[in-house]
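Visitor: sequence unknown, structure follows:
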């Protein structure tokens, strides 16, 4: 006898749209395209705006057929789903020649033009590591790209809340042109977060530019500002105090050896800003700026420092010593320092005692990352103090440099230390410690 009953449908057919959207959210473009072919319901659900609000578009520099398709898919996505976009990230990975850059510029012109016409929801834009000072960016192509981007920023200025142009590496005039685009409609901008780290070309003394000061005076609601120390001046701090002190929470400041950092900034200017912006925290990131006299000119006691990162990048100088920085400069932030990162090539001096004393003096220090020449016993002393509640560290990441190829004995000692403090490490710490031969 034949069974005339209809075949039982999969439970997937009865899933509510909200559940389908949650599942589809985790699929990449290829899988989404395939899922849209399953049935009419899935196809309609795939067009839901919530699935297309965030997008990362990567343009890879290495030539191939797949890379060519990336340009086409970027435009296809923008035309089909661009109206839903709220968060857009553009990545340019390893551009290899001028024709590739030219093609990228043309695609970006079309992409930005279409977004400018159809999108009214974009609040976050990130285009990092353009490196416009590279020779593959010919003057005409570079000028056209900046013109197109400036026009787009002008059109989006009323809705954009976050802009990241880290690594653009452009001239002072071009940089200020882009930043001014955010305020060109009303002569002021209410964007809350800007990342202009490595935004300007190397070796520029941005801090002395009246044009830069005039540009920054148009931002009236900054919450987070990420930039280089070569932009810092008394004038800039006064501008931030006057226009953004009610909202300003974080300054992320990078200081690189190749950027000018010898300017004198008054502690009074920092104190006035900190007084008017009580929520302000300052995070410093130093790369190869390690000498005490340079750091002392920058790390003033009036600054509300929350985080310090000092990286020597394997650079070694026999005239350089870290000890005064650990004993004289950093202890001034004992009441506010929460995160400390040290990557040092201190093969000419051991700093176990000074580093441990600094850690114990910083009452709010939660995060410690150290790559340096240290003795293994330093870890035992640090964990013993943590067990006795003399510090409140929750994250400990240490790479102990050694001068020998064979670090078997050091690894054995570290294993013994781990067993001794196993309960503390497993229950309370994010802990990672290794030895690393530096030969």
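Guide: Alright, I've got the coordinates. Here the structure is a predicted model, which means the values were calculated and not measured. Residues are numbered from 1 along each chain as shown.
Visitor: which SS state does residue 246 fall under?
Guide: coil (DSSP: H, G, I helix; E, B strand; the rest coil).
Visitor: How many residues are close by it?
Guide: Per other CB atoms under 10 Å, the neighbour tally for residue 246 reads 10. In short, each C-beta sits where N, CA and C put it, glycine included.
Visitor: That one - nearest residue in space that isn't next to it in sequence?
Guide: residue 277 (7.7 Å; CB to CB, 6 or more residues apart in numbering).
Visitor: ok, that neighbour touching residue 241?
Guide: Yes: look at residue 277 against residue 241 with CB atoms under 8 Å: they come within range, at 7.1 Å.
Visitor: same question for stretch 323-337, mean pLDDT?
Guide: For stretch 323-337, mean pLDDT is 96.
Visitor: How about stretch 98-107?
Guide: 92.
Visitor: do stretch 61-72 as well
Guide: On average, stretch 61-72 scores 65.
Visitor: how close does the residue nearest to residue 246 sit to residue 204?
Guide: Residue 277 sits at a distance of 26 Å from residue 204 (criterion: CB to CB, to the nearest Å).
Visitor: Any idea how many residues pack against residue 370?
Guide: Residue 370 has 22 nearby residues by other CB under 10 Å.
Visitor: Pull the distance from the helix or strand hosting it to the chain's centre.
Guide: Secondary structure assignment for residue 370, by DSSP states H and E: strand 367-373. On the basis of CA atoms, centre = their mean, to the nearest Å, the separation between the geometric centre of strand 367-373 and that of its chain is 20 Å.
Visitor: Which strands border that strand, and is each parallel or antiparallel?
Guide: If you go by DSSP bridges, strand 367-373 pairs up with strand 339-343 (parallel), strand 395-402 (parallel).
Visitor: possible to save those strands as CSV with mean neighbour count?
Guide: Output for the strands paired with strand 367-373, formatted as CSV (neighbours: other CB atoms under 10 Å):
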stretch, mean neighbour count
strand 339-343, 19
strand 395-402, 18
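Visitor: Out of the ones you listed, which is closest to residue 29?
Guide: With CB to CB as the measure, strand 395-402 is the member of the strands paired with strand 367-373 nearest residue 29 (35.8 Å).
Visitor: Show me what the mean pLDDT comes to for that closest one.
Guide: Strand 395-402 comes out at a mean pLDDT of 96.
Visitor: so who does the residue nearest to residue 95 when sequence neighbours are not counted touch?
Guide: Among residues not flanking residue 95 along the chain, residue 61 sits closest, at 4.4 Å (CB to CB, 6+ apart). Residue 61 sits next to 67, 92, 93, 94, 95, 96, 100 when contact means CB atoms under 8 Å, 6 or more residues apart in numbering.
Visitor: Tell me if the second one really is in a strand.
Guide: Pointing back at residue 92 there. Yes: judged by three-state DSSP, residue 92 forms part of a strand.
Visitor: now it, nearest residue through space, not along the chain?
Guide: Nearest non-adjacent residue to residue 92 (CB to CB, 6+ apart): residue 59, at 5.3 Å.
Visitor: Can you verify that neighbour is assigned to a strand?
Guide: Yes: the assignment for residue 59 (three-state DSSP) places it in a strand.
Visitor: ok, now which ones touch it?
Guide: Taking CB under 8 Å, 6+ apart, one finds 67, 70, 71, 74, 90, 91, 92, 93, 95, 104, 107 in contact with residue 59.
Visitor: Show me which of those are buried.
Guide: For the contacts of residue 59, a burial check counting by 16 or more other CB atoms under 10 Å picks out 67, 71, 74, 90, 92, 95, 104, 107.
Visitor: For the residues you listed, give me JSON lines that also has secondary structure.
Guide: Output for the buried ones among the contacts of residue 59, formatted as JSON lines (three-state DSSP):
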{"residue": "67", "secondary structure": "helix"}
{"residue": "71", "secondary structure": "helix"}
{"residue": "74", "secondary structure": "helix"}
{"residue": "90", "secondary structure": "strand"}
{"residue": "92", "secondary structure": "strand"}
{"residue": "95", "secondary structure": "coil"}
{"residue": "104", "secondary structure": "helix"}
{"residue": "107", "secondary structure": "helix"}
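Visitor: Which member of those residues is positioned nearest residue 120?
Guide: Taking these together and measuring to residue 120 by CB to CB, the closest member is residue 90, at 19.5 Å.
Visitor: Tell me how far the lowest-mean-pLDDT helix or strand in the chain lies from the chain's centre.
Guide: One helix or strand of the chain scores below all others by mean pLDDT, DSSP states H and E: helix 65-81, with a mean of 74. In terms of CA atoms, centre = their mean, the centre of helix 65-81 is found 27 Å from the chain centre.
Visitor: coming back round to it: which one among the buried ones among the contacts of residue 59 gets closest to residue 268?
Guide: Looking across the buried ones among the contacts of residue 59 and measuring by CB to CB, the closest to residue 268 is residue 90, at 40.9 Å.
Visitor: Contacts only, for that closest one.
Guide: 57, 59, 108, 126, 127, 128.
Visitor: which of these has the most neighbours?
Guide: Neighbour max across those (other CB under 10 Å) = residue 108, 23 neighbours.
Visitor: ok, now how distant is that one from residue 190?
Guide: From residue 108 over to residue 190 (counting by CB to CB), the distance is 26 Å.
Visitor: returning to what we had before: export the strands paired with strand 367-373 to JSON lines and tack on distance to residue 231?
Guide: Below are the strands paired with strand 367-373 laid out as JSON lines (distance: least, CB to CB, whole Å):
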{"stretch": "strand 339-343", "distance to residue 231": "22"}
{"stretch": "strand 395-402", "distance to residue 231": "30"}
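Visitor: just the helices in the stretch 1-150 of the chain please.
Guide: 17-24, 29-35, 40-46, 65-81, 98-118, 139-156 (DSSP state H, counting those that start in this stretch).
Visitor: hmm, back to that, torsion angles phi and psi at the residue nearest to residue 95?
Guide: Main-chain torsions, residue 61, degrees, to the nearest 10: phi -80, psi -30.
Visitor: circling back to that earlier point, closest one of the buried ones among the contacts of residue 59 to residue 433?
Guide: residue 92 (36.9 Å).
Visitor: sorry, back to before: could you point out which element follows the strand holding residue 370?
Guide: Following strand 367-373 toward the C-terminus (DSSP H and E): helix 377-387.
Visitor: so what does that following helix touch, helix or strand wise?
Guide: Judged by 3 or more CB pairs under 8 Å, 6 or more residues apart in numbering; DSSP states H and E, the packing partners of helix 377-387 are helix 352-361, strand 395-402, helix 408-420, helix 422-428.
Visitor: Next, the angle strand 367-373 makes with that helix.
Guide: Here helix 377-387 points in a direction 160 degrees away from that of strand 367-373 (axes from the mean of the first three to the mean of the last three CA atoms, to 10 degrees).
Visitor: Show me which residues of helix 377-387 are buried.
Guide: 378, 379, 380, 382, 383, 386.
Visitor: Appreciated, that's everything.
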